[in-house]
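**Q** How does the following fold in three dimensions:
(one chain, ligands or ions: 2)
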Amino acid sequence: MAKEVKTIGVLTSGGDAPGMNAAVRAVVRTALSHGMRVIGIERGYNGLLNGETYEMNLRSVSEIIHRGGTVLYTARCLEFKTEEGQKKGAEMCKKLGIDALVVIGGDGSFRGAKALANLGIPCIGIPGTIDNDIACSEYTIGYDTAMNTAVEMVDKLRDTTQSHDRCSVVEVMGRNAGYIALNVGIATGAIATLIPERPYDLERDILDRMQFTQKTGKKHFIVIVAEGVGHAQDLANEIQARTGIDSRATVLGHVQRGGSPSLRDRVTASRMGYQAVILLEKGIFNRVVAVSADKIVDYDINVALSMHKSIDTTLLDVAETISI
Ligand code: ADP
Ligand code: F6P
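**A** Ligands and ions are numbered 1, 2, ... in the order given. Have a look, this model is predicted:
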């Protein structure tokens, strides 16, 4: 029989994402409502190793559902990638009386959770990253807010791009994943959208399209590039040199990681945080909570980490057909 979970630890790890606070709030309040104690761990696995922890109560998570960032802070912890660091983490959990841990973060954070699970600390992962690059989940906390922030910024750029008959090359986040770029490209009517998942051809995918639309009267252009593809400034220079169209580069950067979470992020985070605790309460351990067809589901952590998801490139066809 699975051991009874009386005390839950909760941490946020890796890059922050709007909605992480709503997930922490849901974990804390669901756990308390089931008579469990909750230990908040600050700064991800760093805080676990250093014992940066505090007992959380109902009011520890007041006034945070609408706030971006994470009240638990977050960090990247190199030591935790080592066997020694992981053993120390498991020992710290035992010392602190933590029976199970909820880890809110991305794939890397889940690998840390898997290591702890192998050392006898039950874990549940909650997907929190703006990149939407967790294979087992159709949706990750922070993704919606980040895309809406990017769209708002590109709308502002469009005004000045249009006034000057220019081309704006906008770099959005996503080192290995083009989810943000692809959706923002469609939502802002970009003439071209470049994503890491699909190699591009400068002539075919950008210059020819610009020249064709120029002939139909178009005078200003938005190009969206995911950061994993290359630098916006290099691309803007190239476009200007090849077309003569005055071009500017804008890197949206970390602005996409902040701000008040959207309704979708708040609700998804709340549902996921709730489900994480329900699983622990039922003695179901070492799972990653996920979204599938708008339902909250869960997968074994090893299975979750071995899954792959591919980007829906028909969205590129939509963009290429309509943004012309
Ligand atoms: P994300 O969780 O967003 O993917 P990272 O890849 O930076 O972000 O991982 C966050 C943290 O998770 C790392 O700083 C490290 O502490 C831990 N981590 C990452 N990969 C591993 C691994 N293979 N084994 C153990 N811990 C890991
Ligand atoms: O994983 C989220 C993310 O924002 C990526 O889109 C980006 O490449 C990376 O984190 C940036 O990380 P850092 O916070 O270390 O600059």
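
**Q** Now do the strands in the stretch 1-150 of the chain.
**A** Applying DSSP state E, counting those that start in this stretch to the stretch 1-150 of the chain gives strands spanning 7-12, 37-41, 53-56, 100-105, 123-127.

**Q** and the residue nearest to Asp265 when sequence neighbours are not counted, what is it in contact with?
**A** The shortest distance from Asp265 to any non-neighbouring residue, by C-beta to C-beta, 6 or more residues apart in numbering, is to Gly19 (3.4 Å). To be clear about C-beta, it is placed using only N, CA and C from the backbone, and glycine gets the same treatment. By C-beta atoms under 8 Å, 6 or more residues apart in numbering, the residues touching Gly19 are Gly128, Ile141, Gly142, Thr145, Pro261, Ser262, Asp265, Arg266, Thr268, Ala269.

**Q** Could you pull up the residues touching Gln211?
**A** Thr243.

**Q** How confident is the prediction for Met1, by pLDDT?
**A** Met1 carries a pLDDT value of 61.

**Q** And the contacts of Gly19, which is closest to ligand 2?
**A** For those, the closest approach to ligand 2 (C-beta to the nearest ligand atom) belongs to Gly142, at 8.4 Å.

**Q** The closest one and ligand 1, how far apart?
**A** Gly142 sits 10 Å away from ligand 1, going by C-beta to the nearest ligand atom, to the nearest Å.

**Q** Quick check: which ranges of the stretch 101-250 of the chain have low pLDDT?
**A** Under the criterion pLDDT under 70, no range of the stretch 101-250 of the chain is flagged.

**Q** Helices along the stretch 51-200 of the chain, start to end?
**A** With DSSP state H, counting those that start in this stretch as the criterion, the stretch 51-200 of the chain has helices at 83-96, 107-118, 143-163, 179-187.

**Q** right, is the second one up against ligand 1?
**A** Yes - for helix 107-118 and ligand 1, the contact criterion (C-beta under 6 Å from any ligand atom) is met by Asp107, Gly108, Ser109, Arg111, Gly112, Ala115.

**Q** residues contacting the fifth one?
**A** If I follow you right, that is Gly112. If you count contacts by C-beta under 8 Å, 6+ apart, then Gly112 has Ser13, Tyr45, Cys77, Phe80, Lys81, Gln86, Gly89, Val103 around it.

**Q** and the two most separated of the residues you listed?
**A** Lys81 and Val103 (14.5 Å; C-beta to C-beta).
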